[in-house]
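>>> need a structure here:
(2 chains)
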Amino acid sequence: MRVQLTIALSGLLAMPAYAAQFEVDVQIPQMNVAEYHRPYVAVWIEGAGNKSVADLAVWYQNKDTKEGHGTKWLPDLRQWWRRSGRTLDLPVDGVTGPTRPAGEHALAFDTSDPRLAKLAPGEYTLVVEAVREVGGRELLKIPFTWPATASQSGKAQGKTELGAVALTITP
Amino acid sequence: MKRSLAPAITLALALAAALPITASAHKAWLMPSQTVVAGEAPWITVDAAVSNDLFYFNHVPLRLDNVAVVAPDGSKVETQNGATGKYRSVFDVQLQQEGTYRIGVTNHYLTARYDDNGKPKRWRGTAETFASEVPKDAKDLEVGESVSRVQTFVTKGSPSDTVLKPEGVGLELVPVTHPNDLFAGEEATFRFQVDGKPAAGLEIEIVRGGTRYRNAQDEIKATTDANGEFKVTWPDAGMYWLETSTQDDKVSMPQAKQRRLGYVATLEVLPQ
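Numbering: from 1, shown residues only, chains lettered A, B, ... in the order given. Down below sits the predicted model:
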């Protein structure tokens, strides 16, 4: 019964979406720890040779601090920092934002979004990296083909700093 | 009498000759608090020491007299809060510019060994102080020149190359792979030069930090090829100490006959 309801609901949720969508679901797990800070999270797309081709979202502490608007700890998102972050002039409109609490976060991008529309046809990887102050770091990857001619979906399951991460492309 | 003394002097000289080698068996290093940095005008702090274990302070501090920090635009940056203790020196550096900084100690000096009325004497100084401090008629005088570098690299934001350009004097590392872009499991390529020319056949020793908590040095050995290049695949993440040395007779100080060249870098390798 519950399963059916979920299907029905997700069906409803998908309905109002535009025909062509690139949706990323990121779950930040609940932690039972003495000292908890929301993780820094980066969501980006890599092409051949691990080259970053599009930054979709970066969540970090945007509060003004003595140490530089929370950017001091951004290199802890090691792979994102190396592939993209260190060359950016932060903050980036439409990409960077404040950290988010534990729970499920849906990011939906229209396929006409310039970051996606400019991608040459080929194989890509969605990468989600999370790192938590006094906690750990985790990186998940979901491969996909662009542009999608049929519906595509991929999943990855985090073990520590990330929960379920899903990619759904609706052409 | 004379005949019995000669072996003693020979032994003393041999010991004196051995001393610099013993001294160089201690490891000199600069240890930055981090090498990949972000922020408006962040600070790093650097430890400087000569020790047996990497990277622990257990022998003598590395003197800060010749510390130089070069900013991404090639300008010199003043170090701050410098202090020298029993076992280590420490100083802070503020990173105002975007790009790669080179932090280094270059020592360029003369050494002399001579027989001072039957006692072996060792001296270290500059070409200027040589005349006044070393007796003109010193017996069995041997004079050498030494150029040694101890370096590390720190990058704020995107890595840059200005500070990686060699100065063309002595033994220098010319990174092919950027020294702040090193990751476990990946291969890195470096080149060594002597006076700006590729240094072939140099023996490179690389040791990862944390030696106190393992039973072997686990050193990585490499030899430079005809282009002065060698490759290393980093087995683990960590701070690595890289050392090489050589000698030749291309002295720049006229008193010297031989030239010793040394190079040390501390390199950080990050996990994937």
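>>> direction included, what does the helix or strand A:Ala57 falls within pair against?
Assigned by DSSP states H and E, A:Ala57 belongs to strand A:52-59. Pairing partners of strand A:52-59, with direction, according to DSSP bridges: strand A:40-46 (antiparallel), strand A:96-97 (parallel).
>>> out of the ones you listed, deepest packed?
Of the strands paired with strand A:52-59, the one with the most neighbours on average (mean count of other CB atoms under 10 Å in any protein chain shown) is strand A:40-46, at a mean of 23. All C-beta atoms are positioned from the backbone trio N, CA, C, and that covers glycine.
>>> dump it to CSV, keeping only the CA atoms.
Presented in CSV, the C-alpha positions along strand A:40-46 are these (Å, rounded to 0.1, in the frame of the first residue of the first chain):
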residue,chain,number,x,y,z
TYR,A,40,29.9,21.1,2.4
VAL,A,41,28.6,19.5,-0.8
ALA,A,42,29.5,19.9,-4.4
VAL,A,43,27.6,18.5,-7.4
TRP,A,44,29.3,18.7,-10.7
ILE,A,45,29.6,17.0,-14.1
GLU,A,46,32.8,15.5,-15.4
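>>> give me the mean pLDDT for stretch B:89-96.
Stretch B:89-96 carries an average pLDDT of 97.
>>> where does the prediction get shaky in the chain?
As the question left the chain open, I've gone with chain A. Within chain A, the ranges that satisfy pLDDT under 70 run A:1-19, A:65-69.
>>> ah, no, chain B please
B:1-25.
>>> for it, which segments count as helices?
Residue ranges of the helices in chain B, as given by DSSP state H, are B:2-25, B:127-133.
>>> other residues contacting the shortest one?
Residues outside helix B:127-133 that contact it (CB atoms under 8 Å, 6 or more residues apart in numbering or on different chains): B:Leu110, B:Ala112, B:Trp123, B:Gly125, B:Val143, B:Met253, B:Pro254, B:Gln255.
>>> and for the third one, nearest residue in space, chain neighbours not counted?
Of all residues not flanking B:Trp123 in the chain, B:Ala112 sits nearest, at 4.3 Å (CB to CB, 6 or more residues apart in numbering or on different chains).
>>> was I right to think the one you found contacts B:Ala138?
Yes - counting by CB atoms under 8 Å, B:Ala112 does reach B:Ala138; the two are 7.4 Å apart.
>>> which one of the two has more residues nearby?
B:Ala112 (20 against 16; other CB atoms under 10 Å in any protein chain shown).
>>> just the strands in the stretch 101-250 of chain B please.
B:119-125, B:139-156, B:171-175, B:187-194, B:197-198, B:203-208, B:220-223, B:229-233, B:238-248 (DSSP state E, counting those that start in this stretch).
>>> who are the packing partners of the fourth one?
So that's strand B:187-194. Contact here means 3 or more CB pairs under 8 Å, 6 or more residues apart in numbering or on different chains; DSSP states H and E; on that basis strand B:187-194 packs against strand B:171-175, strand B:229-233, strand B:238-248.
>>> buried stuff in that strand?
B:Ala188, B:Phe190, B:Arg191, B:Phe192, B:Gln193, B:Val194 (16 or more other CB atoms under 10 Å in any protein chain shown).
>>> also the second one?
Taking 16+ other CB under 10 Å as the neighbour-count basis, strand B:139-156 is seen to contain the buried residues B:141-156.
>>> how about the residues of chain B by chain A?
With the criterion set to CB under 8 Å from any CB of the partner chain, chain B comes near chain A through B:36-42, B:155, B:157-159, B:181, B:183, B:270-272.
>>> if you set the cut-off to 7 Å instead, what comes out?
Proximity of chain B to chain A, by CB under 7 Å from any CB of the partner chain, involves residues B:Val36, B:Val37, B:Ala38, B:Gly39, B:Glu40, B:Pro42, B:Gly157, B:Ser158, B:Leu270.
>>> and these, which two are the farthest apart?
B:Glu40 and B:Leu270 (22.6 Å; CB to CB).
>>> next, the distance between the ends of stretch B:199-207.
Start-to-end span of stretch B:199-207 (CA to CA, to the nearest Å) is 21 Å.
>>> I would like the residues contacting that stretch, please.
By CB atoms under 7 Å, 6 or more residues apart in numbering or on different chains, the residues outside stretch B:199-207 that reach it are B:54, B:171, B:192-193, B:217, B:219-226, B:228, B:230, B:232, B:240-244, B:246.
>>> out of the residues you listed, which end up buried?
B:54, B:171, B:192-193, B:220, B:222, B:224, B:228, B:230, B:232, B:240-244, B:246.
>>> of those residues, which is the nearest to A:Gly163?
For the buried ones among the contacts of stretch B:199-207, the residue nearest A:Gly163 by CB to CB is B:Tyr240; the value is 35.3 Å.
>>> for that closest one, which non-adjacent residue is spatially closest?
B:Leu267 (4.8 Å).
>>> surely that neighbour and B:Pro179 touch.
Yes - counting by CB atoms under 7 Å, B:Leu267 does reach B:Pro179; the two are 5.5 Å apart.
>>> excluding its backbone neighbours, what's nearest residue 29?
Unless you meant another one, I'm taking chain A. Closest to A:Pro29 by CB to CB, 6+ apart is A:Gly163, at 4.4 Å.
>>> right idea, wrong chain: chain B
Nearest one to B:Trp29, counting by CB to CB, 6+ apart, is B:Thr266 at 5.3 Å.
>>> same question for A:Asn50.
A:Arg83 (6.5 Å).
>>> neighbours of that neighbour, how many?
By the criterion of other CB under 10 Å, A:Arg83 has 20 neighbours.
>>> from chain B, how far off is it?
Here the criterion is CB to the nearest CB, to the nearest Å. By it, A:Arg83 lies 11 Å from chain B.
>>> what's near enough to touch that residue?
A:Glu46, A:Asn50, A:Ser52.
>>> for A:Trp59, state which of the residues you listed is nearest.
For those, the nearest to A:Trp59 is A:Ser52 (16.7 Å; CB to CB).
>>> any idea how far that closest one is from B:Arg214?
Distance, A:Ser52 to B:Arg214, using CB to CB, to the nearest Å: 36 Å.
>>> which one of these two is surrounded by more residues?
Between A:Ser52 and B:Arg214, counted using other CB under 10 Å, A:Ser52 has the larger neighbour count: 18 against 9.
>>> quick check: the more buried one touching A:Ser84?
Yes - counting by CB under 7 Å, A:Ser52 does reach A:Ser84; the two are 4.0 Å apart.
>>> overlap in contacts, the two.
Both A:Ser52 and A:Ser84 are contacted by A:Trp44, under the criterion CB under 7 Å, 6+ apart.
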